[in-house]
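> Here's a sequence, model it:
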Amino acid sequence: MITLNVNGKSHELDVSPDMPLLWALRDMLHLTGTKFGCGMALCGACTVDLDGQPIRSCVTPVVEVSNKKITTIEAIGQTSSGAKVQKAWLDLEVIQCGYCQSGQIMSASALLAANPHPSDTDIDKAMAGNICRCGTYHRIRAAIKQAAQSNVKGA
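The predicted structure follows:
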C-alpha cells in the first residue's frame, strides 16, 4: 500500500511502487486535470506541486512521493498564488486548446509562491519545458505578470 496526500486528503492505494504518479492521480483517484503529454518529463502537461515545487508526475514513481504534500490543478486555486494565476488566466483568455494549461498554471503558481515579483528571466526559467503547441506564450507571460501585479499592495 502506498499513501498519497493529494489536495489535503490522504489516500491509501494498492499499486505498484513504481507506478507513475500521473497514473495514480488519473486512474486511481480520478483527478483528470493533470494531463499526459509525452511520458518523458519534456512537455510539462503532467506538472503537479510536490511540497511547494513543480514536478513532472509522468516520471515520478508513487513510492517517491508517499506521505508528501501533492497539489494538483483541481486544488491549486485554493492557494494564494494559484488563485491569482487562475484569475489572470481567465482575465487574459490565455487558454486556446487548453491541453497544456494545467501544467502551465501549476508551474506559474509555484513560481509566484516562491518569487512574488519575477523578472522576465525568472518567468522564462520557471516556465521552460512547459510546451504550448498553440503558442500562447505571450498571453501566458502576460498572465503571470498580471498575477504578480496583484501581489503589490493596493492592487
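
> switch to C-alpha atoms for all contacts and neighbour counts from now on
OK.

> what residue is smack in the middle of the chain?
Closest to where the C-alpha atoms of the chain average out (Cα atoms, centre = their mean) is residue 106, at 2.1 Å.

> a helix runs through that residue, doesn't it?
Yes. For residue 106, which was evaluated using DSSP: H, G, I helix; E, B strand; the rest coil, the result is membership in a helix.

> Check whether residue 101 really touches residue 90, as I assumed.
No. Using Cα atoms under 8 Å as the test, residue 101 is too far from residue 90 to be in contact (11.4 Å).

> Below-threshold pLDDT in the protein: ranges please.
Confidence mapping of the chain against pLDDT under 70 gives the ranges 152-155.

> go with 50
Residue ranges of the chain with pLDDT under 50: 154-155.

> And it, what are its domain boundaries?
Each domain of the chain is listed here as a residue range: 2-71, 76-149, per automatic domain parsing.

> can you give me the end-to-end distance of the shortest one?
As for domain 2-71, its first-to-last residue distance stands at 17 Å under the measure Cα to Cα, to the nearest Å.

> Same check on the longest one?
When the termini of domain 76-149 are compared using Cα to Cα, they are 19 Å apart.
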